[in-house]
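**Student:** Next come a sequence and a model predicted from it.
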Amino acid sequence: MKLGCCYYPEQWDETMWAQDARLMGEVGIDIVRIGEFAWSFMEPSPGDYGWEWLDKAIDILGDAGLKIILGTPTATPPKWLVDLYPEILAFDEQGRGRGFGSRRHYCFSSKVYRREAARIVKQMAQRYGDNPHLIGWQTDNEYGCHDTVRSYSQNAKTAFREWLSDRYETIDALNQAWGTSFWSQLYQNFDEIDLPNLTVTEANPSHQLDFFRFSSDQVVSFNRMQTDILRQASPDKDIYHNFMGHFTQFDHFEVSKDIDVASWDSYPLGFLDQENYRDEDKHRFMRQGHPDFAGFHHDLYRACGTMRGQKNARFAVMEQQPGPVNWAPNNPAPLPGMARLWGHEGRAHGAEMVSYFRWRQAPFAQENLHAGLRRHDNSPAQAFEEVRQLASEIKENPVCPASFQEATKTALVFSYETQWMSQIKPQGRMWDYMQLILDWYGTARSLGLNVDIVPEGGSLDKYDLVLVPSLLHITGQAIKAFESTDAHLVFGPRCGMFTHNMHLPLSLGPDGLQALLPLKVIHSESLPSFHREVGYFEGEEIYGYGWLDHVETRLKPLVSNGAGKGLVFQEENVSLFTTIPDTLFLRKLIDAIAQKIGLETHNLPSGLRVRRGEKTVYGFNYNDGEVSMPSSVVKEGGDYLIGEARLKACGVSLFKK
Amino acid sequence: MKLGCCYYPEQWDETMWAQDARLMGEVGIDIVRIGEFAWSFMEPSPGDYGWEWLDKAIDILGDAGLKIILGTPTATPPKWLVDLYPEILAFDEQGRGRGFGSRRHYCFSSKVYRREAARIVKQMAQRYGDNPHLIGWQTDNEYGCHDTVRSYSQNAKTAFREWLSDRYETIDALNQAWGTSFWSQLYQNFDEIDLPNLTVTEANPSHQLDFFRFSSDQVVSFNRMQTDILRQASPDKDIYHNFMGHFTQFDHFEVSKDIDVASWDSYPLGFLDQENYRDEDKHRFMRQGHPDFAGFHHDLYRACGTMRGQKNARFAVMEQQPGPVNWAPNNPAPLPGMARLWGHEGRAHGAEMVSYFRWRQAPFAQENLHAGLRRHDNSPAQAFEEVRQLASEIKENPVCPASFQEATKTALVFSYETQWMSQIKPQGRMWDYMQLILDWYGTARSLGLNVDIVPEGGSLDKYDLVLVPSLLHITGQAIKAFESTDAHLVFGPRCGMFTHNMHLPLSLGPDGLQALLPLKVIHSESLPSFHREVGYFEGEEIYGYGWLDHVETRLKPLVSNGAGKGLVFQEENVSLFTTIPDTLFLRKLIDAIAQKIGLETHNLPSGLRVRRGEKTVYGFNYNDGEVSMPSSVVKEGGDYLIGEARLKACGVSLFKK
Amino acid sequence: MKLGCCYYPEQWDETMWAQDARLMGEVGIDIVRIGEFAWSFMEPSPGDYGWEWLDKAIDILGDAGLKIILGTPTATPPKWLVDLYPEILAFDEQGRGRGFGSRRHYCFSSKVYRREAARIVKQMAQRYGDNPHLIGWQTDNEYGCHDTVRSYSQNAKTAFREWLSDRYETIDALNQAWGTSFWSQLYQNFDEIDLPNLTVTEANPSHQLDFFRFSSDQVVSFNRMQTDILRQASPDKDIYHNFMGHFTQFDHFEVSKDIDVASWDSYPLGFLDQENYRDEDKHRFMRQGHPDFAGFHHDLYRACGTMRGQKNARFAVMEQQPGPVNWAPNNPAPLPGMARLWGHEGRAHGAEMVSYFRWRQAPFAQENLHAGLRRHDNSPAQAFEEVRQLASEIKENPVCPASFQEATKTALVFSYETQWMSQIKPQGRMWDYMQLILDWYGTARSLGLNVDIVPEGGSLDKYDLVLVPSLLHITGQAIKAFESTDAHLVFGPRCGMFTHNMHLPLSLGPDGLQALLPLKVIHSESLPSFHREVGYFEGEEIYGYGWLDHVETRLKPLVSNGAGKGLVFQEENVSLFTTIPDTLFLRKLIDAIAQKIGLETHNLPSGLRVRRGEKTVYGFNYNDGEVSMPSSVVKEGGDYLIGEARLKACGVSLFKK
C-alpha cells in the first residue's frame, strides 16, 4: 500500500514547494494529489490559460520522487464563468439559485457547463496526459457534496423530459408506469412533466424515483464525459474519483464503471458527530470514530473497485482525516494513534493507497480550522509522526491483500435504489435503510466476520452467509443470484414490497422470494419509536421495532412475538425477519445461523475489530483503553508482527497465524 | 344507517367493475362514492369531454343495486388546465407557487379557476343530474387539505382588497378596525393593502384575522358556486362535502349552510400519530385511535348537519379508515374489530352513512400503502369481513337516532373564530384552543355524558350543562344564548378578552360575561411549560397551567392557588376558570357541578366510551383488553342486543335499558 | 435620576392628552418620549405634512411641565412611501423582500430611503429644533430589531462592493485578505463580488465577516446622517438612540460615537423567556427576570455612553418593562415590586433616566397584550403605584453616581467583532460567546463585584481585575491595553486564534498574548454537549466543557484534567483557561485570584445583587422570598436609607457605609 497526501501549491508561495516535496518523501509519502480546486489559477480569465505554475509544481514534486494524481477542477468553476453563463448554476428544492462563493455551484444538466468543463479537462489532458510524474487523474471532487446531485433548474427540467422520453418512448407508457390515473395526473406529452418539487403535498413516488434515477444518471454521464476525454488523451493513467461517506444520492456502482480506482474520503470523527449514530457510540468513540465507519466504506468502495471487471478490486482512500476537521457540528481531535490505525485499517481492507488530507493546514478561508499533517506555520502536527511510523511498518511487514479476500465468506447486499425508495416512501419515522445496513454490517463485524459488500444482483457464489437487511424491490438478476447460491440467506423486513416503479407487486411480496420461502405479506405496519415487538429466542427476551410485516404462510415462526405473530421465519437456507431486529436480537440470530452452517465467529470485545486473512490477522482497537485479542482468534504462540495480543488504546496488531 | 365505500373505476380495468359491484352488494354496502379525482378522464383535453367510461361505471354500479354519490373533480385540475392558465395556482406563505403533481393545486380566489370549475360541474350536473342511480353529489374533496385554504397569490390579494372594501366601505373604517395608528400603518385606500405574509415581524392581528375570515369566505363562496349549479340542474339530489379531522382553517358551519349532509373523513390512527395527543395516549391507543377522536368529530359535524335548518341533523362519514394509512408519520394497523367498532360508533352518534375508504387498495401512486377493504390483488383485507358483520348487526338491531339526541343534556360551545384568534395571538406556547376543546370534550365523555357541539351563538336552551373551554371574543348572539339558558355554564380562561376585531374591550373582560359573573380580568399571564399553579379542591391537590387571568371581584374563589389567587370562581349557575385546568382538576369540577345540578355521571373505566339513548345504550371499548360496563350504566338485567357487559378488546355492546 | 415614559398621542383622542400629562407629572414622571412611529401622521401623503397634532401634543405635555424626547419616525416608513419606492425594502437571507405591514421594512443601503429619511428628519429638526419643551431627539427606533441589520438586497450588494473597494483599493488586496486561492474563489474585480447568502455551502469566513462589518457600518452611517441633520438644526438638544438587549448585529460602540446618551430598552422577563438562559434560571426567575440581565446591559451601555469622550458616562433606559409583554414565547407578569426594583437598579448603575414603556396599554394592533403603566381603560396598572413610590424614594435619597464608578475595580472586555467571528466560525455547537460573556459577568457579580464593560482596546489602567471571556482576534490596541495595566488578567479559551481577517496567525496563538504568557496553542478541539473535561482545583472536582485548547508551554498548569492536560495556566498577573469553565469552576478561580490581589469579594446569597459605591451600597433581591444582606457587605450599624438588611421578595435596600 502506498501513502499519499493532498497538496495545494497554489495556496503557498512557490519557494516552499521544494521543501514540502522533500519532507513528503522523507516521511514516507509516495503520491500527492493536486489541482482539483485550481481552475481560476489555470484559466484566470476566459481562454487565458496559465499553466506555468502547475508545470513547475509538477516538476518540483515529481523531481522529488513523488507520483502525482491530478484533479480536474470542475467542482469550482471560476466567478467569471458563472457571470458569463449564469445558467450553469444549480437550483435547490425550494427553487432558489445556488450561487458562487463556496463550491459545487453547477448543475449537472447544464449543457453549457458540460461544454466548458470538457474544454478545461481537454486542455489539461493534452498538456499533462503523458507527463511521466503523473500516475492518475481525479475527476472533479466529491460528486454530490452539499446535496448537489439533484438540481431543480430549468436545465434539469429539460433534461429530465428528454430522459423520460428516451426511457418510456410513449406518454402512455409513462402514465402506466407512474399510475397517473390516481389524482388526475394523466399526462398528454412529455413536455407537460415538471420536476417533483414545490408540489402541494408529496409528488407521485414513481415520479420522484425517476427523478432520483435521472439525477444519478446525470452524474454518471458528467463523469463519463470527463473520463472519455482523459482516456483518449492520457490512455496510460489511472482515473480516480473520490467518493464520500454516508452518501447515496447517486449510484456509485454505475459511476465506478468509468473509473479505474474507486477512492473515498474518510473522516471518522466528523461523520460520527454529524450522522445519526447512537448517543452511546457518539459519546464513547468521540475521539476515535465509530469502529465500523471506515470498515464499511472500505468494503463498499472495494466493491465499486471491481466495476470495470478487474479481477482484483482497486480502491483507495483519497482523503484521510489526520486531526480535527472544521465542518461537523462538533470537532474533537482524534486520540493519538488513530491516524496510524486508520492507515493500517485501510490496508487490511485492501486499499492500494491511503492519502491524508491535507499536507498543511490552510491559514485562511472555509477550512482553516481543518487540520493537516503540518500546521499552518509548517510545524509538524500530531499525525505527522504517526504517518512516518505507518510508512515504516508497512514497508517492514508486507501482507497479501488477496488473502483477506479469500478468507471472506460473508456478503452484505446493498442497493442504492432501495435507499431512494426508502427515502421516498419511508412509511414510518423509524425506517432508515442506511441505519439497517450499518447495523447489520456492524453486527457481522462484531462477530469477527470479514464482510464483502455486494451490489444487488452481484454474484453470491463464493459466500457461506448472505445478509440482506432489506431490498424494497428485488431485481430479476438479484433473484437469480439468491437462487443460485448455496449460502444461507438472511433477509430483513420489507423485502420485495415494490416493483421496479414502486407499484405493489401482484404477488403481495416478498416479490421474487416466494420460491425460496413460502410466505406472503398480507399487510405491513410501521411502528412508532416507543413501540417494541417483544419475543423470545433461545430463552432470552429479544425485540424488534419500527416495522412489522404480517404474513400468511404454512411455516411455523422461528421467533414470535407475545401474540404469536412471527418475527423470524426460516426454511432450509433462508431466514427472514418481519421486523427490524434490535442489534442484540440480530447478533443472536446471525450467530446461531453461523454455528449451523459452520462459519467461525468470535466474541470480540466491544470496540475491537479484526480483519482476518488466510495467513495474517489484523486487529484494531477503537477503545480509549486496552483490550485483549480473544484466544479464539489468536492461538497460543501467534507470531505478532505489529503490536501484541493485548492491544493498547487505539492500538493495532498484526500477527501471522 | 347505510354503509358505503369509495371507488375509483378509472383506476381499474373495466372488466373488474361488475364483479366489484356485486361484491359490494354482497358484503352489505349500499352506497358508492366515485368521480372526485377524475377530471383528466372526464375531459382529457380542453373541451374534449369523455363521459362514456363514467356512464358505463354508473350503469354497472347502479344496476347492481348500489346508490351513487358523484364527486365534482375540482380538487385536481388536469395538467393541461394548469399549463393553459398558470394563474390558477395557489401561492404559499413564503411566496412560492404551489405546482401540479399532487392535488389541491388551485387558488380559491382565481376567477379563471372558478369559471373552469363551474364549467365542468355544469357539464356533470347536466349529464347526471337526474340519473336514477345517483343519490347525491360531493363537492370537490376535503377543502383545505394540505394547508390550502390560505393562498398568497396575486389573485388572493386582489380579492382580499375587494372583500375589505365591501366590508368596511371606507378606508377610515378599516384604519379604525385595525388600529393602524400603531406603527404608522395608516392606509389611504384599499389598493394599498397587502396580504399579511412576508412582513418583517408579525403583521397586525386584525389584518391577519380579516385575512383568515376572507380565506374562509372564499371556500364558502367557491362551494356555493358549485352547489348553486348542482341545485339548479339536479334539484332532487343531496349535496355532501367531506370535511376533515382537526381542521379549522375555514368555518365549517358556514360551508354547511349550502350542503345537505355534512360528512367527514375519519382516520383515527393517522390522526393519533400525527396530531398533538399526549404521549401516553399515543402509546396506549396506537392501534385503536384516541377514544374521543371519532366521537368529537361526529358530534361536531352533526352540528354542521343542522345548518340548513333541518330538524334532524344530517351527517355522515364519507371516508372511514379500514386499515393502515400511508400519510401519518407512523402507520400501524388497527386492531381486529376497530373497523367494525368505528362503524357502530358513527351510528350511535347519528351518522346516516359510514363509507369506507377505499374499496380496493391502489397498487400505484401516492397512496399505494393505504389499505382498502380489498387488497390490491383483490383478496379481502382485514376490514372486509368486519364490514360484513357490521352490516348484518345494523340490519338486525335497529336503533332510533333521535333517542340519543334527546338524552343529550351537555353542550360544548365551539368557535372557529376563537381558533383563528388563538393562532394569531397565542400569547404563550401552551395556549392551544383545540387541545382545550378536546380535553373538555374528553373529560365530559369519560364521565359518561353525551355531548352536543354547539356553534357559538347557537341555542343552549335544551341543556343542563354548558361547557365553554374558551371564547376569545363573545358575540352578542352568544351572550344572549348564555343569558337565556338555565344550564350551568362553565367557562375556561381568556373568555371575552377581545372584541370582534381583536381589540381589547373597554370592560377589560370577560367581555359580555360580567352580567353573569361579577368579575373583571385586570391582567393575564401566559405561563411556561414548566410552571404549575397549584391549589386544593375537595381535599386534593389540583393544578392549572399555561394561563392565568388575574381578576378583581367581590366573589370568593371556589378554588385558589397557594397564594390565594382564584383559579375557579362560581356564582349561581356560572363557573369560570382563570387557568387551564389539568384534566383531573377539570373532571373533578365538572363532576361536582353535575352532582349539584342532578346530571347523571358515570365513572367509566379508562378507554371505555358510552353513547346513551333514551332506550338503548351503546358501549365502545377502545382498550386492547377487556373491560366491564359499570353497573351504574347497565342495571342488572339489561338486555344486550350486541355484545355483553364484559366488553372484549375493541368490543362493542348495545343494550336496551 | 429622572423618570420617563413612552407616549403615543396619535393613538388616543386628543381630549385625553391634558389629563394624561397631568397624571404623568403627578406620579413623578419628568420626561416623555413621543413620535417615533408617527410618520404617517406627520406626512399623510407625499409632501403633505401635518404637524398640527404634534405641535399641540408637545404644547400640552410641555405646559404640564414635562420634558420631551422626540423620535424620528424612520423605523416605520408609510405605505405610500413603500409603494412609491419599492426599492427601499430590505431582503432577507433567503432572498425574499421584507414587506410592509409591521415595522423596520427598509434597507439601510437604499440611497432613496436615506434621502427620504433625511427629508423627514430635516423637516422635524427645523420645526422643533429649538422648542423649549424638547430636551432631546431619539434617532429611529431599535436599530436592527427583527434581524434587520443585514439586508440581502440589490442596494446592499452595490453598497457592499463600494465599501470593499474603499477598504481594499485593489482586488489583489481583497484576494489576499480573503484567501481566495482556496476553492478557486479568485476575483478579478469588485463587481464580481456577491453577498454571502444563498451559497451552496458556507461562504468564505472573511467574506462573511466583511459583510457583517459593512452591515454594521451602514447602521452607523444611517444614524450619522440623522445626527448630522439634528446637530445642525437643533444644536442644543441631546441625541439618544434606544439600543436593545442581547443584540450584537452592529457595533454599538461605533453608533454611540454619534449620540449623546446611550439608552436601551429593558425587558427582563421577555428576554429570560426568549433567550438561551439555563432552564433552572428560567424556572426560578420566571416573574423577576435574570438577576444579571439588567445589570449587564446597564454596564454595557454605560460604556457606550462614554464614546463621545465625555468624562462621565451618559446612559439611560428608554423603555422599561412595567408588566407582561406580548412578544416572548411565554409572557408572565413581573412580581409586585419588580418595576420599582428595576428603576432603582438603573439608578445604581448610573442611568440618568429610566423611562417606562408605555404610558397606557394600546387596545389594538400588534402590541395590545403589552402592559403599560395604565391599562387600556385608563385604570392604573400594577406598576403605576410602584413608579410613584420609586419617584419619591429617589427624591428623598440622593446618591452620587460617580461614587459607584470609583468603587469599580473589575473590568470585563467585550468585543462585537468576536461575537461576529464566533457566529461565523463557532466550530462547535457549544461555542456561544454571549453565553460566555454573561456567565463571566454573572460570576463576578455574584461575588459582589461592580463590573465595568470595556470595549476591546479600551484603557484598563484603573482596574485590579480584568476578565476576558474570549477575544477571537486581539487588536494591537487591545494588546497595548493588556500590557500596560497592572491588573490581573484572566483570559478564556480561543483568545487570539484569528487575525483581523480570520486567518490563523503565524504565532499559532493566543496571538498577541504570548509576551504576557509563554504558551502556544498547537491545536484546539470543540467538544460535544455530553463531554466534560474533569479536573481538580483546591481539592474539589471542577470541569470545563465545549472547547479545549492544547498548548505547548514551559508552564506547569494551575489546573489540569485527569490526563494532565492544562485547563488553567497562570504566570504573574495573567491567567488563561484552555476550556470553557463551568460557572462553579470559574467562580472558584476568580475568587482565588481576587484573594491573591486583595480584591474584596462577598459570598452573596443566590439571587441577591449589590452595587457598591464609595459611601452607599444598593442591594437588589431577585428572589421571590426574603434574603439577608451578608454582614461582610453591611457592617453592624449600617444606616439603611431604603429597606433593611433582611430584603423582602423583590426588595431593594440602600444604605450608607
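**Tutor:** Happy to help now that I have it. Numbers count the residues shown, from 1 in each chain, chains lettered A, B, ... in the order given.
**Student:** Could you list every helix and strand that the top helix by length along chain A packs against?
**Tutor:** Secondary structure of chain A per DSSP state H: the longest helix is helix A:205-233. Contact here means 3 or more Cβ pairs under 8 Å, 6 or more residues apart in numbering or on different chains; DSSP states H and E; on that basis helix A:205-233 packs against helix A:111-128, helix A:154-168, helix A:171-178, strand A:238-243, helix A:252-256, helix A:416-424. All C-beta atoms are positioned from the backbone trio N, CA, C, and that covers glycine.
**Student:** who wins for proximity to B:P557 among these?
**Tutor:** Smallest distance to B:P557 across those (Cβ to Cβ): 55.9 Å, for helix A:416-424.
**Student:** what does the helix or strand of chain A with the lowest mean pLDDT contact?
**Tutor:** When the helices and strands of chain A are scored by mean pLDDT, DSSP states H and E, helix A:401-406 comes last with a mean of 90. Contact with helix A:401-406 is made by A:312-313, A:347-350, A:450, A:452, A:611-616, as judged by Cβ atoms under 8 Å, 6 or more residues apart in numbering or on different chains.
**Student:** try it again with 6 Å
**Tutor:** Under the criterion Cβ atoms under 6 Å, 6 or more residues apart in numbering or on different chains, residues A:G350, A:R611, A:G613, A:E614, A:K615 lie in contact with helix A:401-406.
**Student:** Looking at the helices and strands packed on helix A:205-233, which is nearest to chain C?
**Tutor:** helix A:111-128 (11.2 Å; Cβ to the nearest Cβ).
**Student:** if we can go back for a sec, return the distance of the least confident helix or strand of chain A from the chain's centre.
**Tutor:** Centroid separation between helix A:401-406 and its chain, computed with Cα atoms, centre = their mean, to the nearest Å, is 21 Å.
**Student:** One more: stretch A:141-156?
**Tutor:** Worked out by Cα atoms, centre = their mean, stretch A:141-156 lies 18 Å from the chain centre.
**Student:** So which bits of that stretch are buried?
**Tutor:** Across stretch A:141-156, burial judged by 16 or more other Cβ atoms under 10 Å in any protein chain shown covers A:141-153, A:155-156.
**Student:** and the two most separated of those?
**Tutor:** A:N141 and A:Y152 (22.4 Å).
**Student:** which phi and psi does the residue in chain A that chain B sits nearest to have?
**Tutor:** Using Cβ to the nearest Cβ, A:G179 is the residue of chain A that sits closest to chain B, at 2.5 Å. Torsion angles at A:G179 (phi, psi; degrees, to the nearest 10) stand at phi 60, psi 50.
**Student:** And the closest residue in space to it that isn't next to it in sequence, its phi and psi?
**Tutor:** Distances taken as Cβ to Cβ, 6 or more residues apart in numbering or on different chains place B:F364 nearest to A:G179, at 2.5 Å, with adjacent residues excluded. Main-chain dihedrals, B:F364, degrees, to the nearest 10: phi -140, psi 170.
**Student:** sorry, back to before: neighbouring strands of the helix or strand following the least confident helix or strand of chain A in the sheet, and parallel or not?
**Tutor:** Going down the chain from helix A:401-406, the next helix or strand is strand A:410-414, by DSSP states H and E. Under the criterion DSSP bridges, strand A:410-414 sits next to strand A:451-455 (parallel), strand A:465-468 (parallel) in its sheet.
**Student:** A:L23 - nearest residue in space that isn't next to it in sequence?
**Tutor:** Using Cβ to Cβ, 6+ apart, the nearest residue to A:L23 is A:R374, at 7.9 Å.
**Student:** how about the one you found, what does it touch?
**Tutor:** Contacts of A:R374 by Cβ under 6 Å, 6+ apart are A:R360, A:P380, A:A381.
**Student:** With A:H298 instead?
**Tutor:** A:H298 neighbours (Cβ under 6 Å, 6+ apart): A:H349.
**Student:** Could you do the one 5 residues further on as well?
**Tutor:** Contact analysis of A:A303 by Cβ under 6 Å, 6+ apart lists A:I453.
**Student:** can you check the one 3 residues further on too?
**Tutor:** For A:T306, the contacting residues are A:A313, by Cβ under 6 Å, 6+ apart.
**Student:** hmm, back to that, just the closest of the contacts of A:R374 to chain C, please.
**Tutor:** A:A381 (6.9 Å).
**Student:** quick revisit: just the buried members of the contacts of A:R374?
**Tutor:** Going by neighbour count (16+ other Cβ under 10 Å), the contacts of A:R374 have A:R360, A:P380, A:A381 buried.
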